[in-house]
Every structure is written in structure tokens, then in C-alpha cells.
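Participant: Provided below for reference: sequence and predicted model.
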Amino acid sequence: RCPYCFADAKDAPCAASADPPLSEISRWLDRLIGLGEERKFNIQISGGEPTMRPDLPEIIRLCAEKGFEYIQLNTNGRRLAESAEYAKALKIAGLSTVFLQFDGTDDAVYKKLRGAPLFAAKKAAVANCASAKLPVTLVPTILKSVNLSSVGEIIGFMLDNLHVVKGVHFQPASFFGRRPDSRGETGDFNERVTMFAVMEEIGRRTNGAIRKSDLAPVSTGHPLCCFCAAFLRKRNGEISVLRSDGGDCCCTPDPLEIVRRDRDFVLNKWEVFEAGENTPADSGGDAGETMNFDAAIAWFQRNMFTISGMAFMDSTNLDAERLRRCRVHVFAEGEYLVPFCAYYSGFWRNGVLYPVETKKRINCDKDDITAFRQLDKIPDMKRGEGCVVCMANDVFPITATDKAVGVCYL
């Protein structure tokens, strides 16, 4: 029971219900295939703690057999730390990558955020993933007075383990679920860290090796939701940012092509090397020596990494426009796709939306969803009150609505 837990694990209402059987999960995956656009969604298996299910390898295998190309496990790493064979079993089942809860390199941070000294377990989990050739992304939850100043050490840990750790994904704490922090005099939470403060701190703690200006919004979703950049550690140890030319600026990109490129970037599974193993390009010669093609590719795979971050919203800063452009959805009860922040902020429960300020019920189980986009037809509700109802089908025409069943997902 982590002191900070967005899902309020063990205390949330859903904790009283039994875990769904494989047959139900199989049906959910079929539903996701039907909701997909050009190709299948990227899958995140989360919790709570998903490794508590003894049939997790079977769930991963089921996802892979149904053709989901990218399967990500969000975990605290404790089970992975206990057994290299378990990590290998997940890899064999079809797991693509591990998103590992990793809040710092000091046990004082873990005692504050997780209630226990866990740094040794985190290192063991990384080592066992390396032996299974299972790539890892470190995922720190960032709080102002706890570990904002540790972002440089976290990046340093990644660079020391670049044979298996392929990125850091910073998540400033969002104040839903279980959290001991309280609101201050300003009405906001005292430990709030903005996405931009994290970007500034990355530049400061890496002595400018990674600059705020290197970090940019992704091509899908809302620009205030997340940042990402790919980097290359050069043979002389310097770090350079990798940029795309952005394509033809004279043409309006196909929205599906943007989604496809974004998913394919996430899908790319970098090769995992043995600790201390040299690629051909690492062996001998100076930094200016020309490499052959195979050596260059191997060196590139070993030395590329990403720095990213995502700022989830809660009840104090929920933004309807960001929800409409959400790129991370929860497959929720009733088999709805619900924006992550709407779901965990408590504004979605059992097929019902609650606007941010009025908390007025909006029943989404209607055949005619047009009325729910016209706020003047809903009593006691005005524009500007933070309604999270999708206002127009053309805002997010691909997956936000499903006219065939009359469901508005926003």
C-alpha cells in the first residue's frame, strides 16, 4: 500500500470484486480490436500491481496471440527482483517492455513515497530484466520536496545501465487516489510539480547535457500533457538530441498516419545487451574512427535512449480540451474507453460522467448522443464550468465516439 497510489490500490471500490478471468480478458481484447483504427492499440497492463496475478504470463501470451504488437507491464518490480526466471517467463510470453516504478537512488525517497526501502529491489529488478533481455523504462513519481532534485541521479542510473534501461518517463504526482498531501493556502497541493518544472530541473541536474529546449510535445495528444525526446550517447560520452525534420510542412498530415508513427515509435524494442558487453563499435579505435554499417547499427541500439514525461490531471486542474485529445485511455467497466485523467479523478463511474464543478449526472447510455454535446439542453449547466462532455464529433472523430452503439466516451 504505497502512500502515493493513483489507483488507490486495495482501498478503491473495485478492490472488493474478484479479478476478471482469462475468458473475460479475452473478450475485452476482442472489443479493443474492434475499437482500433488503422492497427491495434498499444497495451499497458497496470494495477494495483499486476504481478500479483499468478496467471500474468498467460494474460501477456493472450495479448500477443491476438496480435497486439506492444505489451507493456507497469510494475513496482518486487516480483521481478525476486526471480530472473520470472522475468524470462514474461519475456517468452510476449512482453515488450517493463515500465518500472523508480523514484530515485536513495532509500529515503522510497520510504517517503512507498513506505519501505526499495532501492536494492529496484536494482535487482533491473538486473533480472537484463538477464531476460527485457528492456526497462524507469518511471519516477515526482514530488517537489521529495525527489525533484533527484532527476539527475535517476538519469545517471539509466546511463550506467543503458544496456537494458532505455529511457526515463517522469510523472509529476497527480493528486487523485491515495495521497497524504493536502492543499495549501493557494488551493493547490503543496507537493505539486509542473511538467515544465521537471523539464527545467532535468537541464539543471544534467549540467545542460539535456536541455529544456531538447524536450518537445509528442505528435499526438495535447501539447500540455507530455514531452519526449530521443538522445544518443556518443562514443566520447557526450549526449546529443535526435530530431526529426517533421516531414513536408506544406501538407496537412493524415491523422491516422500521425497515430501510426507515434505507436510505431513506442513499439520499437531496442536490443538488450549483456552488462559490460561491447558492440563492435565500442571496441578499439578513437571516437572519430569510421564504423561499418553493422557496427554503427549495433552501437546506435546500445546508446540510444529517451527522456519523456507526462503530467496527469486531477480535480484541481482538469481541462476538457486535454481530455478530448487524450492518448492514454482506461478500458473501463462497461467496456468504455475513458481518458485516464477523467477515470482516476473520479469523474467517470459506471457509464456516468460528472462535470468538474457541478457534479451533475450525465447519462451516456442513450441512443441519441447529440443532445449530450449541447450544454444548453442540459439543465443547470453552463459553458465554462469544466464539463468533460465531448462537444463535437470532429474534435476526435476516430475513437472518441462510437455511433453504432450510441456511446460517447468523453
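Facilitator: Done, it's in.
Participant: what segments of the stretch 201-350 of the chain are helices?
Facilitator: Ranges of helices in the stretch 201-350 of the chain, per DSSP state H, counting those that start in this stretch, are 255-267, 293-303, 320-324, 340-344.
Participant: wait, what's in contact with residue 188?
Facilitator: For residue 188, the contacting residues are residue 316, by CB atoms under 8 Å, 6 or more residues apart in numbering. All C-beta spots, glycine's among them, are computed from the backbone N, C-alpha and C.
Participant: mean pLDDT lowest for which of the helices of the stretch 201-350 of the chain?
Facilitator: Of all these, the minimum mean pLDDT falls on helix 255-267 (a mean of 56).
Participant: the stretch 151-300 of the chain: strands as residue ranges?
Facilitator: Taking DSSP state E, counting those that start in this stretch as the criterion, the stretch 151-300 of the chain contains strands spanning 165-172, 226-233, 239-242.
Participant: and those, which is most packed in?
Facilitator: Among those, strand 165-172 has the highest mean neighbour count (mean count of other CB atoms under 10 Å), at a mean of 22.
Participant: tell me the angle of that one relative to strand 226-233?
Facilitator: Here strand 165-172 runs at an angle of 150 degrees relative to strand 226-233 (axes from the mean of the first three to the mean of the last three CA atoms, to 10 degrees).
Participant: list the pairing partners of strand 165-172 within its sheet, with orientation.
Facilitator: Counting by DSSP bridges, the strands paired with strand 165-172 are strand 136-139 (parallel), strand 141-142 (parallel), strand 304-310 (parallel).
Participant: that older thread, out of the strands of the stretch 151-300 of the chain, nearest to residue 114?
Facilitator: Closest to residue 114 of those is strand 165-172 (CB to CB; 14.2 Å).
Participant: can you name the residues in contact with the closest one?
Facilitator: Outside of strand 165-172, the residues within contact range by CB under 8 Å, 6+ apart are 97, 99, 102, 126, 135-142, 151, 154-155, 157-158, 192-195, 197-198, 202, 270, 304-312.
Participant: same question for it, mean pLDDT?
Facilitator: The average pLDDT within strand 165-172 is 96.
Participant: now that strand and helix 293-303, what's the angle there?
Facilitator: Using the same axes, to 10 degrees: strand 165-172 against helix 293-303 is 30 degrees.
Participant: put together CSV for the strands of the stretch 151-300 of the chain, with distance to residue 84 on each row.
Facilitator: Output for the strands of the stretch 151-300 of the chain, formatted as CSV (distance: least, CB to CB, whole Å):
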stretch, distance to residue 84
strand 165-172, 16
strand 226-233, 26
strand 239-242, 30
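Participant: give the contact list for the closest residue to residue 41 other than its chain neighbours.
Facilitator: The shortest distance from residue 41 to any non-neighbouring residue, by CB to CB, 6 or more residues apart in numbering, is to residue 32 (5.7 Å). Going by CB under 8 Å, 6+ apart, residue 32 touches 40-41, 43, 331.
Participant: check which helix or strand covers residue 32.
Facilitator: With secondary structure defined by DSSP states H and E, residue 32 is part of helix 22-35.
Participant: could you pull up the residues touching residue 83?
Facilitator: Contact analysis of residue 83 by CB under 8 Å, 6+ apart lists residue 128.
Participant: one step back: and the two most separated of the contacts of residue 32?
Facilitator: 40 and 331, at 12.9 Å, using CB to CB across the contacts of residue 32.
Participant: surely residue 337 and residue 327 touch.
Facilitator: No. With contact defined as CB atoms under 8 Å, residue 337 does not count as touching residue 327 (11.2 Å).
Participant: okay, now residue 194: neighbour count?
Facilitator: 14 (other CB atoms under 10 Å).
Participant: and the pLDDT at it?
Facilitator: Confidence score, pLDDT, at residue 194: 91.
Participant: I figured it was touching residue 311, is that so?
Facilitator: Yes. Residue 194 is within contact range of residue 311, at 6.9 Å (criterion: CB under 8 Å).
Participant: thinking again about what came up before, and the pLDDT at the residue nearest to residue 41?
Facilitator: At residue 32, pLDDT is 90.
Participant: how close does it get to residue 39?
Facilitator: Here the distance between residue 32 and residue 39 works out to 12 Å (CB to CB, to the nearest Å).
Participant: all set now, cheers.
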